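Peer 1: Okay, sequence plus prediction incoming.
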Amino acid sequence: MLNELEKIKKEFSDSIKTAKDSQSLEDLRVKFLGRKSELTSVLRSLGTISQEERALVGQKANTLRKEIEARLEEIKHNLNQKTGGEVSIDHTLPGLPLSLGKKHPITKTIQEIVGIFSLLGFQVATGPEIETDYYNFEALNFPPDHPARDEQDSFQIDNGKYLLRTQTSPVQIRVMEKTKPPVRIISPGACYRRDNPDASHSPMFHQMEGLAVDTDIHFTDLKGILGEFIHQMFGKEIKMRFVPSFFPFTEPSAEVAISCIICGGKGCPTCGRSGWLEVLGAGMVHPNVFKKVNYDPKKYTGFAFGMGVERIAMLKYGISDIRLFYQNHLQFLNQF
Ligand code: PHE
């Protein structure tokens, strides 16, 4: 029996050299320590031999068993270190949640505004962010020295040959140059002005332009369309107010305000205690603009409006600082 143990020992130390992975280790464990292994049958047959022999063989067999176990453990440990550890996987556990991206609140707001105007029959048009003075100002009836230009201090490129557009209104001109009436477009996009950043100003921001031209467009159409938009965007209970204003490319012109969505019109810090919040500029297209694009001002009329997307988003979501939109803090962005 002692010979047998010696044989098992040798056989094991030969076989262990070829063990390369946890499966072959497991096979060896079954072969040398399992119920049907030779070592087990030696231990089982101890009862059949004399007492002196039993003590000796028993002791040797147990020592061999421990050696084999220790060696298997050791090799398993080394293998794990090499492969970085074989992780036992519970296939029944639920998967890790996929973190999906989110739309930026400005994108969301643009899409919501576009959605409302699409249903009112408006198509999306876009134009370049690098413009010429002609499209950004001149064709929109801003004469070269007109003080209305001062409100829209622009970033000049190539010594004034180009500029970053200060408004989305140049898209009106680009669309009318290429299309005959009827025209009904909205145009979202980035604009740039040389403003110092603060809670309500940013040198880059977004606008949404609207333009409708046909043979029979009246100021009431403008009021009707904007009223519908405001109700859909902010709620049926919101009131709208037109205040006379000035834009070179519309006549008459108006600033449109809504009843304060925070205090319901009673007066609070958000609305400067006036009960009203300005949300956009609008008016009837000026005949001089039609002349620039070869539309007959006697035949056609139209309305135009322009709103700041950030302003709409800030009111809708209760955001107090425009700079939050551009800082890319996930804590802020994940709320939308
Ligand atoms: N473009 C104007 C602005 O940025 C807004 C506007 C657009 C006003 C269309 C009237 C009509 O101030």
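Peer 2: Yep, it's here.

Peer 1: Distance of the closest residue to the ligand within the chain relative to Thr250?
Peer 2: Nearest to the ligand in the chain, going by C-beta to the nearest ligand atom, is Gly306, at a distance of 2.5 Å. (Glycine included, C-beta is placed from N, CA and C.) Going from Gly306 to Thr250 by C-beta to C-beta, to the nearest Å gives 10 Å.

Peer 1: Looking at those two, which is more packed in?
Peer 2: Taking other C-beta atoms under 10 Å, Gly306 and Thr250 do not tie; Thr250 has more neighbours (25 against 22).

Peer 1: That one is in contact with Val285, isn't it?
Peer 2: Yes. Assessed by C-beta atoms under 8 Å, Thr250 is found in contact with Val285 at 6.2 Å.

Peer 1: picking that back up, work out for me the element the residue of the chain closest to the ligand sits within.
Peer 2: In the assignment (DSSP states H and E), Gly306 maps to strand 301-308.

Peer 1: And the average pLDDT for the helix or strand just after that strand is what?
Peer 2: Where DSSP H and E defines the elements, the next helix or strand beyond strand 301-308 is helix 309-317. Average pLDDT, helix 309-317: 95.

Peer 1: could you check the angle strand 301-308 makes with helix 309-317?
Peer 2: If you take axes from the mean of the first three to the mean of the last three C-alpha atoms, to 10 degrees, helix 309-317 sits at 70 degrees to strand 301-308.

Peer 1: For Glu26, give its distance to Met284.
Peer 2: Distance, Glu26 to Met284, using C-beta to C-beta: 85 Å.

Peer 1: What of Val42?
Peer 2: Per C-beta to C-beta, Val42 is found 107 Å from Met284.

Peer 1: And Asn78, by the same measure?
Peer 2: Applying C-beta to C-beta to Asn78 and Met284 gives a distance of 85 Å.

Peer 1: quick one: which of the two has more around it?
Peer 2: Neighbours were counted for Asn78 and for Met284 using other C-beta under 10 Å; Met284 has more, 19 against 10.

Peer 1: Partner strands of the helix or strand containing the more buried one and their direction?
Peer 2: Under the criterion of DSSP H and E, Met284 resides in strand 276-285. Looking at strand 276-285 with DSSP bridges, its partner strands are strand 250-259 (antiparallel), strand 301-308 (antiparallel).

Peer 1: Which residues does it contact?
Peer 2: Contact with strand 276-285 is made by 172, 211, 213, 217, 219, 222, 226, 230, 241-242, 245, 247, 249-261, 265, 270-271, 301-308, 311-312, 315, as judged by C-beta atoms under 8 Å, 6 or more residues apart in numbering.

Peer 1: do that strand and the ligand meet?
Peer 2: Yes. Residues of strand 276-285 are located near the ligand by C-beta under 6 Å from any ligand atom, namely 281-283.

Peer 1: Identify each buried residue in the helix or strand just after that strand, please.
Peer 2: Counting by DSSP H and E, the next helix or strand C-terminal to strand 276-285 is helix 287-292. By neighbour count on 16 or more other C-beta atoms under 10 Å, the buried set for helix 287-292 is 287, 289-290, 292.

Peer 1: how about the strands in the stretch 151-300 of the chain?
Peer 2: Along the stretch 151-300 of the chain, the stretches classed as strands by DSSP state E, counting those that start in this stretch are 156-157, 162-164, 183-192, 204-214, 240-247, 250-259, 276-285.
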